[in-house]
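Enquirer: Let's see this in three dimensions:
(chains A, B, C and D)
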2 protein chains.
Amino acid sequence: MISTKGRYALRIMIDLAEAKSDNYIPLKDIAERQEISKKYLEIIVKDLVKSKLVKGSSGKGGGYKLCRKPDEYTVGEILEVTEGPFASVACLSPGAEKCPRAGCCKTLPLWIEFNGMVHNFFFSKKLSDLIK
Amino acid sequence: MISTKGRYALRIMIDLAEAKSDNYIPLKDIAERQEISKKYLEIIVKDLVKSKLVKGSSGKGGGYKLCRKPDEYTVGEILEVTEGPFASVACLSPGAEKCPRAGCCKTLPLWIEFNGMVHNFFFSKKLSDLIK
DNA sequence: ATATAAACCTACTATGTCAATAGGTAAATA
DNA sequence: TATTTACCTATTGACATAGTAGGTTTATAT
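Expert: Numbering: from 1, shown residues only, chains lettered A, B, ... in the order given. This is a model prediction of the structure:
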């Protein structure tokens, strides 16, 4: 289940990618266009800034803009920044204590295969694929 | 993220599918083999019984057994019974109030495509594929 | 008949995550 | 210097997850 954080992050990125000018776009404008609380978007955009997906500029005339061209972002990296790494089951999440049953687990190969498929899906989609 | 309920349900089904005899298998045995609390498995197996995936028999000599052959179950139906329907985002879950932005949402096609892929993955895998 | 072993049933609980809200401070521009 | 914007810390209500606890009913073996 993709949470609102990831989905809203993607919408922020799309909104920025669709901007005609090279100016910084205030979050207030994005919030209005996307009909999402600006306060909540602040939390999300902070993750995007921290991960160098967007850059912010304070003060009058400030806002946010992309750091790269839309075809240089994958959907996967945008989602991972806000949702954490893709892991369909707990035992596959990075930093999980290794399961003592891993050697004999009949379901593990299924989760690994699923995880790989999900990863591949999102990392082969680009931000530019979602525009227009 | 697949929760323990779905994962344990799958392990119960695999355990039953691997039983040599046609006898009912007590949950106590499954719990010991799988190293999962029997009490918790009771909750999960109840869903499996309710959905006619397994049948139970009370009393001495009782337990659980499959209702069909292992190749007649899909992994998808087992997971859905315990986890609820697959829905990668809230707006695609059955019974969700329809989103007013659906018409112009740039991300919706992505979620629909992803959802379809996940659904197809799990419903084309059979229980018998996980054995041995 | 009766002891036993099993399913079946209802309720409770601790913990954590999600989806925000609230109220500020710092920075840059007009 | 007023205004606009990003940036920061803390808090909250609701819900889901992952169980635990203790009992009742049902069927079999002796």
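
Enquirer: For burial, what's the neighbour tally of A:S88?
Expert: 21 (other C-beta atoms under 10 Å in any protein chain shown). Every C-beta, even on glycine, is put in place using the N, C-alpha and C of the backbone.

Enquirer: tell me the contacts of it?
Expert: Residues near A:S88 by C-beta atoms under 8 Å, 6 or more residues apart in numbering or on different chains: A:W111, A:F114, A:N115, A:V118, B:M1, B:I2.

Enquirer: Name only those of the residues you listed that count as buried.
Expert: Among the contacts of A:S88, the ones that count as buried by 16 or more other C-beta atoms under 10 Å in any protein chain shown are A:W111, A:F114, A:N115, A:V118, B:I2.

Enquirer: Turn those into CSV, including pLDDT.
Expert: Shown next, in CSV, are the buried ones among the contacts of A:S88 (pLDDT from 0 to 100):
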residue, pLDDT
A:W111, 97
A:F114, 98
A:N115, 97
A:V118, 97
B:I2, 96
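
Enquirer: tell me which of the contacts of A:S88 is nearest to DNA strand C?
Expert: Proximity of those to DNA strand C (C-beta to the nearest atom of the strand) peaks at B:M1, which lies at 8.0 Å.

Enquirer: helix/strand/coil for the residue in chain A that DNA strand D sits nearest to?
Expert: Residue of chain A nearest DNA strand D, by C-beta to the nearest atom of the strand: A:G56 (2.7 Å). Of the three states, A:G56 takes strand according to DSSP: H, G, I helix; E, B strand; the rest coil.

Enquirer: A:G6: neighbour count?
Expert: Every residue meeting other C-beta under 10 Å relative to A:G6 is counted, giving 23.

Enquirer: packing partners for whichever helix or strand it is part of?
Expert: Here A:G6, judged by DSSP states H and E, is contained in helix A:4-17. In terms of contacts (3 or more C-beta pairs under 8 Å, 6 or more residues apart in numbering or on different chains; DSSP states H and E), helix A:4-17 is packed against helix A:27-34, helix A:38-50, strand A:54-57, strand A:63-66, helix A:75-83.

Enquirer: hmm, the third one in reach of DNA strand C?
Expert: Right, strand A:54-57. Yes. Strand A:54-57 is in contact with DNA strand C by C-beta under 7 Å from any atom of the strand, via A:S57.

Enquirer: Quickly run through the sheet partners of that strand, with directions.
Expert: strand A:63-66 (antiparallel) (DSSP bridges).

Enquirer: do the partner strand and DNA strand D meet?
Expert: Yes. Strand A:63-66 reaches DNA strand D (C-beta under 7 Å from any atom of the strand) through A:G63, A:Y64.

Enquirer: any idea how far that strand is from the chain center?
Expert: Distance of strand A:63-66 from the chain centroid (C-alpha atoms, centre = their mean, to the nearest Å) equals 15 Å.

Enquirer: The longest helix belonging to chain A and DNA strand D, are they touching?
Expert: When chain A is parsed with DSSP state H, its longest helix is helix A:108-124. No. Applying C-beta under 7 Å from any atom of the strand, one finds helix A:108-124 separated from DNA strand D by no less than 13.4 Å.

Enquirer: Quick one: name the residues of chain A near DNA strand C.
Expert: Residues of chain A that fall close to DNA strand C, judged by C-beta under 7 Å from any atom of the strand: A:3-5, A:37, A:39-40, A:42-43, A:57-62, A:83.

Enquirer: Show me which of those residues are buried.
Expert: A:K5, A:E83.

Enquirer: In terms of distance to B:K52, which of the residues of chain A next to DNA strand C ranks first?
Expert: Relative to B:K52, the closest of the residues of chain A next to DNA strand C is A:S3; by C-beta to C-beta it sits at 32.9 Å.

Enquirer: Do I have it right that that closest one meets A:E83?
Expert: Yes. Between A:S3 and A:E83 there is a contact under C-beta atoms under 8 Å: 6.2 Å.

Enquirer: The closest residue to A:K126 other than its chain neighbours in helix, strand or coil?
Expert: Spatial nearest neighbour of A:K126, excluding adjacent residues (C-beta to C-beta, 6 or more residues apart in numbering or on different chains): A:D71 at 5.2 Å. When classified by three-state DSSP, A:D71 comes out as helix.
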